[in-house]
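**Student:** How does the following fold in three dimensions:
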Amino acid sequence: MGALLGYVEDIVVGAVMELEGVDAGTKMKVMRAFNKVLWIQNDLFARHYVGVDVGTGFGGGEGLSGASKCPFSG
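**Tutor:** Numbers count the residues shown, from 1 in each chain. Next comes the predicted model:
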C-alpha cells in the first residue's frame, strides 16, 4: 500500500507542477493539502492492518483482542 501511495503522489506532483497559469503559491497549497490526505490515508491503512494481524506476531501481540481495545467498539 505504501508503494501505491508513493506512485499516486508522484503522478499528482507531476500533474500539479506542469499546470500552466497557476502561481507557485497555489501549487504549494495544493501539494501540501494532498500530502496531508496521503499521510492520513497511510495512517488509517497502518492501523487497520496492525489490528487485523493480531496473534501473528505483527503489531506486538496487542490489538482488538488484547488489553488495548478500541474505546469505540461495542
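
**Student:** how about low-confidence regions in this protein?
**Tutor:** Along the chain, the model assigns pLDDT under 70 to residues 51-74.

**Student:** now the nearest residue to Gly2 once chain neighbours are set aside: how far from Val12?
**Tutor:** Leaving aside its chain neighbours, Gly2 sits nearest to Asn42 (6.7 Å; criterion: C-beta to C-beta, 6 or more residues apart in numbering). (Glycine included, C-beta is placed from N, CA and C.) From Asn42 across to Val12, the span is 15 Å (C-beta to C-beta, to the nearest Å).

**Student:** so who does Met17 touch?
**Tutor:** Residues near Met17 by C-beta atoms under 8 Å, 6 or more residues apart in numbering: Lys27.

**Student:** ditto for Ala46
**Tutor:** Ala46 makes no contacts at all, as judged by C-beta under 8 Å, 6+ apart.

**Student:** Pop out the phi and psi values for it.
**Tutor:** phi -60, psi -40 (degrees, to the nearest 10).

**Student:** And the helices in the chain, which stretches?
**Tutor:** Taking DSSP state H, the helices of the chain run over residues 2-17, 24-52.

**Student:** Tell me what angle the first one forms with helix 24-52.
**Tutor:** Meaning helix 2-17. Relative orientation of helix 2-17 versus helix 24-52 (axes from the mean of the first three to the mean of the last three C-alpha atoms, to 10 degrees): 170 degrees.
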